[in-house]
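>>> 3D, please:
(chains A and B)
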Amino acid sequence: MIIPYFIIIPLLAAFLITLIAGEKDDWAIILSIIAVISLLILSLFSYITMHTETLSYYMSSWKIPVGIVLVQDALTSFMLVLVSIISLTSLIFSISYVRNLSGDWKYYSLFMLLVAGMNGVIITGDLFNLFVFVEISIFAAYALVAYGGKAEEFEASFKYAVMGSVSSTIVLLGIAVTYSATSTLTLAKIGEQLPSINSSIKLWIGGLFVAGFGLKAAAMPFHAWLPDAHSSAPAPISAMLSGILIKILGMYVLVRIFFNIFDAPQFFLNIFLIIGSISMIAGVFLAVGQWDFKRLLAYHSISQMGYIFLGFGLSTTLGILGGVFHLLNHALFKSLLFYNAGAVETVTGTRDLRKLGNLTRIIPTTSNTSMIASLAISGIPPFNGFFSKLIIIIAAIEANQPVYALIAVIGSILTLASFMKVQRYGFRSEKKADVNGKSIDWKMNFAMITLAVLCVATSLMIIPGIREIALDPVVDVLQNRTLYIQLVMGK
Amino acid sequence: MIVYLLCFILFLVGIYGILTKRDLIKIILSIGIMGYAANLMLILFAYRNNSIYPILSEGKAVSQMVDPLPQALVLTSIVIELGTTAMLVALALRLYEKYKTFDITKIRRLKG
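Modelled structure (predicted):
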């Protein structure tokens, strides 16, 4: 049984690091990289070997109404692979980046806690357990946002912590209402009980969960904390937060609860659609005006999350496929862009696009990979972003929602405009850039090149033969909604 | 019904405090109030009239006891809230070191 190891390995690594790390961070780096590589191998293994199977693991072999159950199906393995890829590249990028900040083992310990929390959220099948893992990962995130120790970072971390606690309390209230209505906390069992309960209570539960997890997903009315937190954090942490944390704590949980447990009621799907289109358009409008490189990227995270919300909100097979695919793609190219921003900050000491100049000569790898990522996020073929956005737009037209398709197209054009600005001012302008003498080492370049290659390679996932193996099982989990309940309950 | 309503009002008091107060410490206290409201709600959902504490012993039937599970959940959530409060207070202290004030209207270097 490999399911519990997805939680055990990072959690053990987090605490072992505190024990064996001395003054320096060498051991912490080795241990955390071993842990993340083993997670990557395990998750790839389970993603490849089990397409449509669903495995359940009963903790201490207590059966369902009593104990906590861990569930692994295609969606779970897909998300686990995503977390492992981004955290591995993030760790490799961190090694020299964090030495510039402080050179301390605490960073790696917190990083492993973040990974442990996210893996736990993905794999658990119990509502309160999910809440606890959400808290573990978001606590590590508060500390990591403030890691640099500058005034702005504490400010951003405080804002993030306040918003995070508000959302956690709302989620706890939702859990209380759920428990009072269904007398159980296992997700599958809740799903079994739900059809028999009062519809106004269902609205309360759904509303509290949309507000609570929507705050964590930074959908538009709840987005205020994101630009601060994601732009102030160290670059590899911004990549983790923007790339996967908002997707796991926000999107994945919402999708799991509303599709597999609630059976996707139309009312909440409409909320998804409205939230999605507002964030898509407003996020990109706010992004175009930014001059701070990382802040611009943070606003784009809001906008791209809107596409994912839209894809899932359509809830047709094509829409869900687009949502899942865009979730993967956004994690890849947004993390890459944050690494680029980190590399630029290391070399020039600033993130202000107006102060940057011609960087193509000085840091060619960063400049070229940022070009790939910019083209991918703006939806230029043959990069992955084009295909996922195309699928979402076609799905919107097929579902007779041409307005949403139009909004998605406009959002995509504005994204292209703002990334042309990044390329024009940040990397390819006439002006000579000021350089502070620091250079990018091979580890940073390796992280960026890996993700750039993946940005191109994942566009192959749209080819029918590969799609059937890679993405269709994931879509099936969300499409056959109540199958999850039956499989977990063992019927 | 009235107790649930009062509990919800307590929750709203917490949200009101977070939205309107300008002092960092008062915001942290408001988050605490909100957390208490959620915990109280869990305990209230588990409560039944004229029932006893959930410890098995002779002469006490299970059917007369209150539901023990939410009490366990509340213990966990109190520990999590303790962590949140400690984290927030630590951040507030570091913010005071940097800005020499607890007033959030003066702590705004991030904008845009």
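
>>> What's the separation between A:Ile308 and A:Ile197?
Distance check for A:Ile308 against A:Ile197: by CB to CB, to the nearest Å, it reads 29 Å. C-beta coordinates here come from the backbone N, C-alpha and C atoms, glycine included.

>>> and the two? which has more neighbours close in?
A:Ile308 (30 against 14; other CB atoms under 10 Å in any protein chain shown).

>>> tell me which element that one falls in.
Here A:Ile308 sits within helix A:293-314, counting by DSSP states H and E.

>>> Who are the packing partners of that helix?
Here helix A:293-314 touches helix A:226-232, helix A:235-240, helix A:266-288, helix A:317-348, helix A:384-398, helix A:402-421, going by 3 or more CB pairs under 8 Å, 6 or more residues apart in numbering or on different chains; DSSP states H and E.

>>> What mean pLDDT does the longest helix along chain B get?
Counting residues, the longest helix found in chain B (DSSP state H) is helix B:69-99. For helix B:69-99, the mean per-residue pLDDT is 93.

>>> cool, stretch A:58-65 as well?
Computed over stretch A:58-65, the average pLDDT equals 83.

>>> buried stuff in that stretch?
Neighbour-count burial for stretch A:58-65, counted by 16 or more other CB atoms under 10 Å in any protein chain shown, picks out A:Ile64.

>>> Quick one: end-to-end distance for it.
End-to-end distance for stretch A:58-65: 11 Å, by CA to CA, to the nearest Å.

>>> next one: it to chain centre, how far?
30 Å (CA atoms, centre = their mean, to the nearest Å).

>>> re the thing from before, what's the closest of the helices and strands packed on helix A:293-314 to A:Glu53?
Closest approach to A:Glu53 among the helices and strands packed on helix A:293-314 (CB to CB): helix A:317-348, 18.2 Å.

>>> between the closest one and helix A:384-398, how many degrees?
150 degrees (axes from the mean of the first three to the mean of the last three CA atoms, to 10 degrees).

>>> What is the neighbour count of B:Ile52?
Neighbour tally, B:Ile52, other CB under 10 Å: 12.

>>> whoops, A:Leu406 was the one
Look at A:Leu406: counted by other CB under 10 Å, it has 14 neighbours.

>>> and it, what is it in contact with?
For A:Leu406, no contacting residues are found, by CB atoms under 8 Å, 6 or more residues apart in numbering or on different chains.

>>> For B:Ala38, find the nearest of the helices and strands packed on helix A:293-314.
Per CB to CB, nearest to B:Ala38 of the helices and strands packed on helix A:293-314: helix A:266-288, 22.1 Å.

>>> Return the residues of chain A in contact with chain B.
Contact residues, chain A versus chain B (CB under 8 Å from any CB of the partner chain): A:128, A:131-132, A:135, A:139, A:142-143, A:146, A:151-152, A:154-158, A:161-162, A:165-166, A:168-169, A:172-173, A:175-177, A:179-180, A:185, A:227-228, A:231-232, A:289-290, A:292, A:295.

>>> got the residue ranges for the strands in chain B?
Here chain B has no strands by DSSP state E.

>>> Spatially central residue for the chain, please.
Using chain A. A:Ile244 (2.0 Å; CA atoms, centre = their mean).

>>> think we crossed wires, I meant chain B
For chain B, B:Gly35 is the residue whose C-alpha lies nearest the centre (CA atoms, centre = their mean; 1.4 Å).

>>> That residue and B:Tyr47, how far apart?
From B:Gly35 over to B:Tyr47 (counting by CB to CB), the distance is 19 Å.

>>> swap in A:Asp441?
61 Å.

>>> what's the answer for A:Leu471, then?
Separation of A:Leu471 from B:Tyr47 (CB to CB): 48 Å.

>>> for chain A, what are the nearby residues on chain B?
B:11, B:14-15, B:18, B:24, B:27, B:31, B:34-35, B:37-39, B:41-42, B:45, B:69-70, B:73, B:76-77, B:80, B:83-84, B:87-88, B:91-92, B:94-95, B:98-99, B:107-110, B:112.
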